[in-house]
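S.K.: Let's see this in three dimensions:
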Amino acid sequence: MAKDAPPRWDRKMQQRLARGEAAALSELYDRFAPLVHSQAHRMLDDESAADLVTREVFGYVWENPDAYDPKQGSIRSWVARLTHRQSVRRLRAAEPSPFARGEEGSEDGEHGRSEDAAARQELEERVLRATAAARADYIVASMPAPLRAALELAYIQRRDYRQAAADLGVTADEARRRLRLGLQLLATAGTRPLEGSEPPGYGRML
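M.R.: Presented below is the predicted three-dimensional model:
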C-alpha cells in the first residue's frame, strides 16, 4: 500500500496547526475531508450525521493539534481514527435507552431486559460491520492508484479483466494481478467491495 503523507509533512502540519495557522487547517481539510465524510457516512448511513462528524473531527484537530503523535503513524491515520471514534459514539448515542422504550417498570421486566440485551447486541454487530466497511473505504482510498483503478473498473463499472486491461492500457495478466493485490489488501479489513458478488470474468481471485 502507498505510504501516507511523509512524516516531515505530518510534523510540519502539526507545527502549523499548533501556531494557529488557519491556512493549515484549510489545507488539511481539503486533503482529508472527503475521506472523513466517506468513512462517517459509511458507518452512519446518514448524510447529515456524516457532515456533523466531519465538522467535529476537524474542530477537534484544530483545537487539539498536540494530541497527534507522529510516532503513532501519519496524520491521515490519526484523522481516520478520530472519525471512527466519533462515528461509533454517534451510533451508540442514537440507540434508545430502556427508559425511552418504556421498558422500566413494565410487568414483564424479564422480557424487557431480554429485548434490551438483544438491541445492544444488534448495535454492537452494526458497529462491527460499519467499522469493517469504513476500514475498507480507508484502504481503497489509501492504496496505490493502479490497484484502486482496477477495483473500481471491476466492481463499480462491472468490467471483465480483458476490458479492464484495455481501459488501463495493460495486459490481461497485469489487470488480474492488480485486482488480486487490491482484494488482498481489502481482506485485511474483513470485507470486500460489493460483498457477495464477484466481478465478471475474474473467477476466484484469492
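
S.K.: Which residue ranges of the protein form helices?
M.R.: 7-18, 22-44, 47-63, 75-93, 109-142, 145-151, 161-168, 172-187 (DSSP state H).

S.K.: okay, now the domains of this protein?
M.R.: 1-100+110-141, 143-206 (automatic domain parsing).

S.K.: Mind telling me which of those the model trusts least?
M.R.: Among these, domain 143-206 carries the lowest mean pLDDT, a mean of 72.

S.K.: what sits against Ala165?
M.R.: Thr171, Ala172, Glu174, Ala175 (CB atoms under 8 Å, 6 or more residues apart in numbering). Bear in mind the C-beta positions are built from the backbone N, C-alpha and C, glycine included.

S.K.: Surely the last one is in contact with Ala150?
M.R.: The reference is to Ala175. Yes - applying CB atoms under 8 Å as the test, Ala175 and Ala150 come out as touching, 6.0 Å apart.

S.K.: who has more neighbours, these two?
M.R.: Using other CB atoms under 10 Å as the criterion, Ala175 and Ala150 rank with Ala150 on top: 30 against 27.

S.K.: I'd like to know how far that one sits from Leu35.
M.R.: 20 Å (CB to CB, to the nearest Å).

S.K.: tally of neighbours for Arg176?
M.R.: By the measure other CB under 10 Å, the count of residues near Arg176 is 21.

S.K.: That one - nearest residue in space that isn't next to it in sequence?
M.R.: Tyr161 (5.1 Å; CB to CB, 6 or more residues apart in numbering).

S.K.: thinking the one you found is in contact with Ala175, fair?
M.R.: Yes - applying CB under 8 Å, one finds Tyr161 in contact with Ala175, separated by 4.7 Å.

S.K.: joint contacts of these two?
M.R.: Counting by CB under 8 Å, 6+ apart, nothing touches both Tyr161 and Ala175.

S.K.: Mutual contacts of Ala175 and Ala150, please.
M.R.: Ala164, Leu168.

S.K.: Pull up the distance across stretch 54-71, start to finish.
M.R.: End-to-end distance for stretch 54-71: 24 Å, by CA to CA, to the nearest Å.

S.K.: So what touches it?
M.R.: Here stretch 54-71 makes contact (CB under 8 Å, 6+ apart) with 7, 10-11, 14, 17-18, 25, 28-29, 33, 36-37, 40, 75, 78-79, 82-83, 86.

S.K.: Counting neighbours, which bits of it end up buried?
M.R.: Thr54, Glu56, Val57, Phe58, Val61, Pro65, Tyr68 (16 or more other CB atoms under 10 Å).

S.K.: Out of the residues you listed, flag the one nearest to Ala145.
M.R.: Distance to Ala145, by CB to CB, is smallest for Thr54 among these, at 23.9 Å.

S.K.: For the closest one, give its distance to Leu181.
M.R.: 30 Å.

S.K.: now do Arg92
M.R.: Going from Arg92 to Leu181 by CB to CB gives 35 Å.

S.K.: Check the spacing between the residue nearest to Phe32 when sequence neighbours are not counted and Leu28 real quick.
M.R.: Spatial nearest neighbour of Phe32, excluding adjacent residues (CB to CB, 6+ apart): Val79 at 5.1 Å. Applying CB to CB, the value for Val79 to Leu28 is 8 Å.
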